[in-house]
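>>> from the sequence below, what's the structure:
(one chain, ligands or ions: 2)
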Amino acid sequence: MEKSYFVHESSYIDEPVSIGDGTKIWHFCHIMKDSQIGQNCTLGQNVNIDSGVRLGNNVKIQNNVSVYKKVTIEDDVFCGPSVVFTNVINPRSAIPRTIDEYDSTLVKRGATVGANATIVCGITIGEHAFIGAGTVVTRAVPDYALVYGNPARQHGWMCQCGTRLELIDNFAQCNRCHREYQCHNDRLTASNQGSGLSNMRSS
Ligand SMILES: CC(C)(COP(=O)(O)OP(=O)(O)OC[C@H]1O[C@@H](n2cnc3c(N)ncnc32)[C@H](O)[C@@H]1OP(=O)(O)O)[C@@H](O)C(=O)NCCC(=O)NCCS
Ligand SMILES: [Zn+2]
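Ligands and ions are numbered 1, 2, ... in the order given. Model (predicted):
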């Protein structure tokens, strides 16, 4: 039966793996056993998916990214080129760590991780959060937060569509897609949950 996904001939797939329909795996990738890759994902050149890793649907991973054990990536996440994930907080070459000593990292639905960012393990990156290029993330990032710098600091909020939001009296409306948000106790939530595309079409 013809495959419903594409793997470039230069890439290695260590079966068994699960790869969803419409996914494209480009040059020189290595997909390790027992990993799960959702539908309509794109993995650029030189991407390594460690064994047991789960990627959701519609995930885009740019060139030169290794997704290590205990890193989980939900639907619609964008990982820029050369993003670095980690999974051991205090590695020593001479002292092997067991998997129980690895820390988990969760990148939630719709988040963007900018080029060359480093994610120190044991944290959650919130839904639709935005990590600027070159950031070193050392703590949890709230939903919709825009963070950048080393160490990462929050510099505002980002709409689901990737536009910066301006908060006025704890309320924001996106200039681009018109989604509405409210801020309460330093947490942003969407007031209307309609799809961005339909929001944009109706604008
Ligand atoms: C974070 C980001 C979205 C901010 O964009 P923006 O809202 O247009 O911000 P501005 O360019 O107006 O910058 C505002 C300030 O933040 C600084 N800044 C912006 N991005 C930064 C970053 N990633 N790290 C550190 N400082 C940053 C700017 O130098 C500027 O500082 P100043 O006020 O002292 O001059 C953008 O810079 C970024 O990093 N995008 C990710 C790009 C990427 O990795 N793409 C991957 C696919 S190619
Ligand atoms: Zn928007």
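
>>> residue boundaries of the helices in the protein?
The residue ranges that make up the helices of the chain, judged by DSSP state H, are 196-201.

>>> need the helix or strand of it with the lowest average pLDDT.
Taking all helices and strands of the chain together, the one with the lowest average confidence (mean pLDDT, DSSP states H and E) is helix 196-201, at a mean of 46.

>>> can you list the domains in the protein?
6-165, 166-203 (automatic domain parsing).

>>> give the contact list for R164.
Residues in contact with R164, defined by Cβ atoms under 8 Å, 6 or more residues apart in numbering, are 146, 156-158. Every C-beta, even on glycine, is put in place using the N, C-alpha and C of the backbone.

>>> mind running it again at 7 Å?
Residues in contact with R164, defined by Cβ atoms under 7 Å, 6 or more residues apart in numbering, are 146, 156, 158.

>>> near ligand 2, which residues of this structure are found?
Contact residues of the chain with respect to ligand 2, defined by Cβ under 5 Å from the ion, are listed as 159, 161, 163, 174, 176-177, 179.

>>> where does the protein have low pLDDT?
Low-confidence regions of the chain, defined here as pLDDT under 70, cover residues 1, 192-203.

>>> so for it, the centremost residue is which one?
For the chain, the residue sitting closest to the mean C-alpha position, by Cα atoms, centre = their mean, is V77 at 3.9 Å.

>>> contacting residues for it?
Listed by Cβ under 7 Å, 6+ apart, the contact set of V77 reads 56, 59, 107, 110-111.

>>> dump these into TSV; add neighbour count and distance to F28 as well.
TSV is the format used below for the contacts of V77 (neighbours: other Cβ atoms under 10 Å; distance: Cβ to Cβ, whole Å):
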residue	neighbour count	distance to F28
G56	20	23
V59	25	18
V107	30	23
G110	22	28
A111	26	26
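
>>> which single one of those residues is nearest to T118?
Using Cβ to Cβ, V107 is the member of the contacts of V77 that sits closest to T118, with 13.3 Å.
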